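Trainee: Just the structure for this:
(2 chains)
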Amino acid sequence: QKEVEQNSGPLSVPEGAIASLNCTYSDRGSQSFFWYRQYSGKSPELIMFIYSNGDKEDGRFTAQLNKASQYVSLLIRDSQPSDSATYLCAVTGGNKLVFGAGTILRVKS
Amino acid sequence: EPEVTQTPSHQVTQMGQEVILRCVPISNHLYFYWYRQILGQKVEFLVSFYNNEISEKSEIFDDQFSVERPDGSNFTLKIRSTKLEDSAMYFCASQGLGNQPQHFGDGTRLSIL
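Mentor: Now for the predicted structure:
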């Protein structure tokens, strides 16, 4: 059974702080790793994707991948109240995505 | 920016009835997926579709479920005889070649009474 584990939270950070979200996965064969943001009652929205070990930055977001440790993280710099949402980690299992349960992020103004 | 569109946004159906959920994937995408999310739970894979056939399906996708790409643009999910436990958000996703990310539609909320 391929698993993706995330801390359910909620993770509370003050506005302007860095939010750090973490994810571990069980399938060493996973090749692609994604972070989706999901607002309540809405569909997953792609935030970042990463395929290689190391860091990938896009604006306020940085994804980090460590395949040896089977660990993916998402850093959100200068957190805003609009970043408050559930963040879903997803990894590929074949072509399909295997999702974690998500981490609830609350950014307090 | 191109997007995946799903209709209807909300479907209410009596238990035992058939329901068809519709999706229009992004036009140059080749891989198509259905996922579902029961309220408060994880997003779960149902089925993937490529080259006019199912490429993978989950244990959830039993004989009550079927998918079709009837006309080269629409991608449908049919549930033949709905159960109460089929109540969920159903998301369609499409993907281009290679490792490109999957893009999700806004979902259909299916409520079985």
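Trainee: contacting residues around residue 10?
Mentor: Defaulting to chain A. A:103, A:104, A:105, A:106 (CB atoms under 8 Å, 6 or more residues apart in numbering or on different chains). Just so you know, the C-beta spots here come from the backbone N, C-alpha and C atoms, and that holds for glycine as well.
Trainee: oops, I was thinking of chain B
Mentor: B:108, B:109, B:111.
Trainee: which residue packs closest to residue A:7, ignoring adjacent ones?
Mentor: The shortest distance from residue A:7 to any non-neighbouring residue, by CB to CB, 6 or more residues apart in numbering or on different chains, is to residue A:103 (5.6 Å).
Trainee: my read: residue B:107 touches residue B:89, true?
Mentor: Yes. Residue B:107 is within contact range of residue B:89, at 4.6 Å (criterion: CB atoms under 8 Å).
Trainee: Give me the more crowded residue out of these two.
Mentor: Applying other CB atoms under 10 Å in any protein chain shown to residue B:107 and residue B:89 shows that residue B:107 carries more neighbours, namely 24 against 19.
Trainee: Please determine how far the more buried one is located from residue B:21.
Mentor: Residue B:107 is 9 Å from residue B:21, where distance means CB to CB, to the nearest Å.
Trainee: okay, and the common contacts of these two?
Mentor: With CB under 8 Å, 6+ apart, residue B:107 and residue B:21 have common neighbours B:6, B:90.
Trainee: wait, what's in contact with residue A:92?
Mentor: Residue A:92 neighbours (CB under 8 Å, 6+ apart): A:30, A:31, A:32, A:33, A:98.
Trainee: burial count for the second one?
Mentor: Look at residue A:31: counted by other CB under 10 Å, it has 13 neighbours.
Trainee: and residue A:71, how many neighbours?
Mentor: 14.
Trainee: still on that earlier bit, so what's in contact with residue B:107 and residue B:89 at the same time?
Mentor: Common neighbours of residue B:107 and residue B:89 (CB under 8 Å, 6+ apart) are A:43, B:37.
Trainee: Enumerate the strands of chain A by residue range, in sequence order.
Mentor: Ranges of strands in chain A, per DSSP state E, are A:4-5, A:11-14, A:19-25, A:33-38, A:45-50, A:54-58, A:61-66, A:71-76, A:85-93, A:96-99, A:103-108.
Trainee: Just the pLDDT for residue 66.
Mentor: Picked chain A for this. Here, the pLDDT recorded for residue A:66 equals 97.
Trainee: if you could check chain B rather than the one you did, that'd help
Mentor: On pLDDT, residue B:66 comes in at 97.
Trainee: swap in residue B:70?
Mentor: For residue B:70, pLDDT reads 85.
Trainee: do residue B:46 as well
Mentor: Residue B:46 is given a pLDDT of 98.
Trainee: go on, residue B:99?
Mentor: So residue B:99 comes in at 79 (pLDDT).
Trainee: Please name the residues that touch the closest residue to it other than its chain neighbours.
Mentor: Leaving aside its sequence neighbours, residue B:99 sits nearest to residue A:32 (CB to CB, 6+ apart; 5.2 Å). By CB under 8 Å, 6+ apart, the residues touching residue A:32 are A:49, A:50, A:51, A:91, A:92, B:99, B:101.
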